[in-house]
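Novice: Return a 3D structure for these sequence lines:
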Amino acid sequence: MNTNYKYLNEGFEELPVDKNLSSFSKIYRIGNSRHIKLWIAIILVALIALLFLPWTQNINANGNITAIKQEQRPQEINTVLPGKIVKWFVKEGDYVKTGDTILQLGEIKVDYFDPQLLERTQNQINAKKNSANAYESKAAAAQAQTSVLSAGRALKQASIDNKIEQQKLKVRNDETELIAVNNELSVYKRQIEAGKIMLDSGAVSMIDFEKRKVNYQNALAKRTTSENKLSQSKQELINLSIEQNISVMDYNDKISKADGDRFGSLSSAAATEADISKLENTYSSYDIRNKLYYVTASQSGQITKAKKAGIGEMLKEGEMIAEIVPDNIEYAVEMYVEPMDLPLVNIGQKVRFVFDGIPAIVFSGWPEGSFGTFGGIISASETNVSLNGKFRVLVIEDTSEKKWPKNLRMGSGARGIALLKDVPIYYELWRHINGFPPDFYKPAKNNKEEKK
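Specialist: Numbering: from 1, shown residues only. Here you go, the predicted structure:
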């Protein structure tokens, strides 16, 4: 008989047991060998091997879906003019195309109530144009008058010049005649002197002497006449010069007056042209204002967030009417990174995303083993802190991986995992235990860029 042991309060007591019983072999495993040490060794080896597996360092950040281009983000539809709502052509949720009419406004300013405002303004423009044409015609007439007066002045001056030349010739003729008379007077004077001598000697009679004396007296009278005639010719020459100056001054005065009328007409025409330009500007403003009563869509998209509802409600200048969400969007994700993690983020860095509403299984350290995640690339990193105390980072779609879901919507959430360096698990544990930050990540460059 073999013995077994039983626990007692005072110690052990041997009890008789029959080991041949089948129940004994099923209940007690005294003869079976144990493998605890083996299992412990296997687990330790597995844990040590696990510590050498690669682990991808990462930075987790929450973000929202947006558009990479500003014009593709939700746009406000504002009214340029103040007015009242006359008619809505769309409702919230409708899709519109570029140029579709959204809203009709009515005028509220008294200055623009006239229904024939454009027609009346056009009439004013036409009247001003006729006035400008009249001034231009008057200026042209003054110019023609100036030309005629200039031609008349030239003819008059030429005529007087001819008279002056003729008078100069006459003066020369009179001067020559006077010289001849003086010569003749000298001859007669010598004859008288010779006649006196001959009269005293009895060579000539008194009658011949008296004849010579009469001839001398006639020559004196003739010289006086020639001198008077020469003086008169010179005076006529002076008078012709004075007449020429007076005529030129008279024509110049008329020409100056005509030029003054022409310049005055041109000035009035220029002022009228300025008024025409001002009126045309006003007409264009009125025309554009009439077109602005109909608010149109600046781009294709969906109408949302209508601020005004009722007919007749007033709108201020620049007030938002509704919002349009473009239908052609290049999606991006805006993430907000902690200031401590910002130095680890670089343009071109890989990012994994989990979008709200898209099922996913995520292993942050093993992105290759994750399911339902999408790839992205950091395209911009702002250097100015946002209101939430974090820095904004824009991430675009990674075209080398599968495309982002088509049912993404603006403003929906996304959780981003910025991938850093691949390190062993033991290093990552050691880093966390010591509180060290992740290693700096530098995107890989092409060989061509490195050569450059």
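
Novice: show me what contacts Ile125?
Specialist: Ile125 sits next to Ile276, Leu279, Glu280, Tyr283 when contact means C-beta atoms under 8 Å, 6 or more residues apart in numbering. In this view, the C-beta of every residue, glycine as well, is placed from N, C-alpha and C.

Novice: Looking at it now. What's its pLDDT?
Specialist: Predicted confidence (pLDDT) for Ile125: 92.

Novice: can you give me phi and psi for it?
Specialist: Dihedral angles of Ile125 (phi, psi; degrees, to the nearest 10) stand at phi -60, psi -40.

Novice: all numbers from here: first residue = 20
Specialist: New numbering, starting at 20: the last item is Ile144.

Novice: quick one: the strands in the stretch 220-369 of the chain?
Specialist: Taking DSSP state E, counting those that start in this stretch as the criterion, the stretch 220-369 of the chain carries its strands at 313-315, 320-323, 333-334, 339-345, 350-356, 369-374.

Novice: what about the closest residue to Glu95 other than its chain neighbours, how many neighbours?
Specialist: In space, and not counting its chain neighbours, Glu95 is closest to Met339: 4.8 Å by C-beta to C-beta, 6 or more residues apart in numbering. Number of residues near Met339 (other C-beta atoms under 10 Å) recorded here: 15.

Novice: shouldn't Met339 be in contact with Leu122?
Specialist: No: in this structure Met339 lies outside contact range of Leu122 using C-beta atoms under 8 Å: 11.8 Å.

Novice: Overlap in contacts, those two.
Specialist: Among the neighbours of Met339, none is also in contact with Leu122 (C-beta under 8 Å, 6+ apart).

Novice: export the contacts of Ile144 to JSON lines and tack on pLDDT and distance to Ile366?
Specialist: Rendered in JSON lines, the data for the contacts of Ile144 read as follows (pLDDT from 0 to 100; distance: C-beta to C-beta, whole Å):
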{"residue": "Ile295", "pLDDT": "92", "distance to Ile366": "57"}
{"residue": "Leu298", "pLDDT": "92", "distance to Ile366": "56"}
{"residue": "Glu299", "pLDDT": "92", "distance to Ile366": "52"}
{"residue": "Tyr302", "pLDDT": "91", "distance to Ile366": "52"}
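
Novice: Whichever of these end up buried, select them in ChimeraX.
Specialist: What follows is the ChimeraX syntax for the buried subset of the contacts of Ile144, where burial is set by 16 or more other C-beta atoms under 10 Å:
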select :295,298,299,302
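
Novice: For Gln141, see how far away Phe108 is.
Specialist: Going from Phe108 to Gln141 by C-beta to C-beta, to the nearest Å gives 30 Å.

Novice: Any regions of the stretch 370-471 of the chain where pLDDT drops low?
Specialist: Scanning the stretch 370-471 of the chain for pLDDT under 70 picks out the ranges 376, 378-391, 437-444, 446-447, 450-451, 453-471.

Novice: rerun at 80
Specialist: Flagging of the stretch 370-471 of the chain using pLDDT under 80 yields the residue ranges 375-392, 426, 435-471.

Novice: ok, now the stretch 120-269 of the chain?
Specialist: Low-confidence regions of the stretch 120-269 of the chain, defined by pLDDT under 80, span residues 207, 210-229, 231-232.

Novice: got JSON lines for the strands of the stretch 220-369 of the chain, with distance to Gly82 too?
Specialist: Listed next are the strands of the stretch 220-369 of the chain as JSON lines, based on distance: least, C-beta to C-beta, whole Å:
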{"stretch": "strand 313-315", "distance to Gly82": "33"}
{"stretch": "strand 320-323", "distance to Gly82": "21"}
{"stretch": "strand 333-334", "distance to Gly82": "35"}
{"stretch": "strand 339-345", "distance to Gly82": "19"}
{"stretch": "strand 350-356", "distance to Gly82": "4"}
{"stretch": "strand 369-374", "distance to Gly82": "8"}
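
Novice: closest to Arg92 out of these?
Specialist: With C-beta to C-beta as the measure, strand 339-345 is the member of the strands of the stretch 220-369 of the chain nearest Arg92 (7.6 Å).

Novice: Now for the contacts of Ile144: which two are most distant?
Specialist: Maximum pairwise distance in the contacts of Ile144, criterion C-beta to C-beta, is 10.1 Å, between Ile295 and Tyr302.

Novice: Return the set of buried residues in stretch 99-106.
Specialist: Quick answer for stretch 99-106 (16+ other C-beta under 10 Å): Leu100, Gly102, Lys103, Ile104.
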